[in-house]
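Asker: Take a look and give me a structure for this.
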Amino acid sequence: MSTAVLSTCRVLPANLPEDFRLKMHPVFRSASLDPGARHLGGGEYSLGTDSDWNPDLHNLTVTCTLDNVADLEPLFGPGGVAAADAVLLIALEWTSADSGWRRLGSPLRLTRAGLPATDDRVTLSLELPSGSVRGTGMVAVQLFLGEPGSAEAGDPGTGRQKGVRLGALSGRLCVVIDGDGSLFPVQEEELGRDGPLWKMRTAWDDPREEPFASEYVALVLNRDHELFDQLRDRRAGQNRQTPLMRHVLASWIALLVHEVRTGLGEDFDGIVRRQVPTVDFASIAEAAAAFVRAGDLDTSSAHVLFASVQQWLDRRVRETEAMK
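Answerer: Reported below is the predicted structural model:
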């Protein structure tokens, strides 16, 4: 039997229409080094790729510029979530099961009379200290009741409790962290001690159309496995890949390329040669083709492909070490 908590006032619906949601333009910075943010498509970003930024040693500042804040006017007054003279608060929120961390940024106060003009933008920021983030995190704009104001007559659904959470005003941005692993949509889950160390999860219909994001394809690491702690070297505050993690990545890349190539046939060879356009540069098919081009991978057979990917990643590691 499951239980559900009913709110005493109106809250934002989970299926808030897309045209009403705030338009978010995120920027990722650090006081020390550039996190090397990379947009993977589908609202997913990676941090740490081709960068010396280290989440264990450096902070992270997430700044979002918001469009169409003036469209929030219906939230005030009869039928809205707050009284006409109430104060609403919006703030960026970071949540991450991987790091067990939830944090709110500085809130912005909104009143019905003081909403920005239609063409004006507002900016929200969120500070995450070093050592507080890892794995995958979510960023969204949350709405809270700052001051209840005067209740509207005959409108019992108006929020009256200061500080109550009224729901998300935006879709969620997925931020993948952990150095070189940020190139890939990586997830960590509890798959049981008898489960595999890793697996590839797929949910695509056409890899030429779906984005290279964890919603459609992911490397899933098993937190419960006895070798999980050997995937990354956390000594001296570092979070580097171990030879085991490199082997896992090589196997996952080879499996991804093999699955996409098998499904698309000659079309995939055309994508590798940049002859067949995809809907989005960050599609699954384009990502697989980019791996083939970057590593000059041999796709003539499955076992040759697996060896080819391992050799490519080993070369990358040697090149990186030679630059230090």
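Asker: Could you list the low-pLDDT ranges of this protein?
Answerer: 1-9, 13-21, 50, 97-100, 151-157, 159, 178-184, 233-241, 275-282, 319-324 (pLDDT under 70).
Asker: Ramachandran angles for Trp252?
Answerer: phi -70, psi -40 (degrees, to the nearest 10).
Asker: which residues touch Pro35?
Answerer: Contact analysis of Pro35 by CB atoms under 8 Å, 6 or more residues apart in numbering lists Phe28, Arg29, Leu47, Gly48, Ser51, Trp53, His58, Leu60. In short, each C-beta sits where N, CA and C put it, glycine included.
Asker: partners of the longest strand that the chain contains in the sheet?
Answerer: In the chain, taking DSSP state E as the definition, the longest strand is strand 136-147. Partners of strand 136-147 in the sheet, by DSSP bridges, are strand 87-96 (antiparallel), strand 165-168 (antiparallel), strand 173-176 (antiparallel).
Asker: Deepest-packed of these, please.
Answerer: strand 173-176 (a mean of 23; mean count of other CB atoms under 10 Å).
Asker: In PDB, please show the C-alpha coordinates belonging to that strand.
Answerer: Below are the C-alpha coordinates for strand 173-176, written out as PDB (Å, rounded to 0.1, in the frame of the first residue of the first chain):
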ATOM      1  CA  LEU A 173      19.000  20.000 -16.600                       C
ATOM      2  CA  CYS A 174      21.000  16.900 -16.200                       C
ATOM      3  CA  VAL A 175      24.700  17.600 -15.300                       C
ATOM      4  CA  VAL A 176      27.200  14.700 -15.600                       C
END
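Asker: what are the ranges of the helices in this protein?
Answerer: In the chain, the helices defined using DSSP state H lie at 243-264, 266-272, 284-295, 302-323.
Asker: List of residues touching the third one?
Answerer: What it means is helix 284-295. By CB under 8 Å, 6+ apart, helix 284-295 touches 204, 207-208, 210-212, 216-217, 253, 256-257, 260-261, 264, 268, 271-272, 278, 280, 297, 299, 308-309, 312-313.
Asker: residue contacts, Thr123?
Answerer: If you count contacts by CB under 8 Å, 6+ apart, then Thr123 has Thr63, Cys64, Thr65, Leu66 around it.
Asker: Number of residues surrounding the last one?
Answerer: So that's Leu66. Using other CB atoms under 10 Å, the number of residues around Leu66 comes to 22.
Asker: From Leu12, how far out is the closest residue in space to it that isn't next to it in sequence?
Answerer: Excluding its sequence neighbours, the residue lying closest to Leu66 (CB to CB, 6 or more residues apart in numbering) is Leu22, at 4.7 Å. Separation of Leu22 from Leu12 (CB to CB, to the nearest Å): 11 Å.
Asker: between these two, who's got more neighbours?
Answerer: Leu22 (23 against 17).
Asker: Check whether the more buried one really touches Ala70, as I assumed.
Answerer: No - if you go by CB atoms under 8 Å, Leu22 and Ala70 don't touch, sitting 10.6 Å apart.
Asker: Per the annotation, how does this structure divide into domains?
Answerer: Listed domain ranges for the chain are 23-178, 184-323 (source: automatic domain parsing).
Asker: Just say which of the helices of the chain is most tucked in.
Answerer: Scoring the helices of the chain by mean neighbour count under mean count of other CB under 10 Å gives helix 284-295 as the most buried, with a mean of 21.
Asker: so how far is that helix from its chain's centroid?
Answerer: 21 Å (CA atoms, centre = their mean, to the nearest Å).
Asker: how near is the most centrally placed residue in the chain to Ser214?
Answerer: Most central in the chain under CA atoms, centre = their mean is Cys174, positioned 1.3 Å from the mean C-alpha point. For Cys174, the distance to Ser214 equals 7 Å [CB to CB].
Asker: shared neighbours, the two?
Answerer: Residues touching both Cys174 and Ser214 by CB under 8 Å, 6+ apart: Glu44, Thr136.
Asker: Could you check how far Ser251 is from Gly42?
Answerer: Counting by CB to CB, the gap from Ser251 to Gly42 is 24 Å.
Asker: And Leu256, by the same measure?
Answerer: On the measure of CB to CB, Leu256 and Gly42 end up 16 Å apart.
Asker: Which one of the contacts of Pro35 is nearest to Val304?
Answerer: Gly48 (30.8 Å; CB to CB).
Asker: State the number of residues packed around the closest one.
Answerer: 24.
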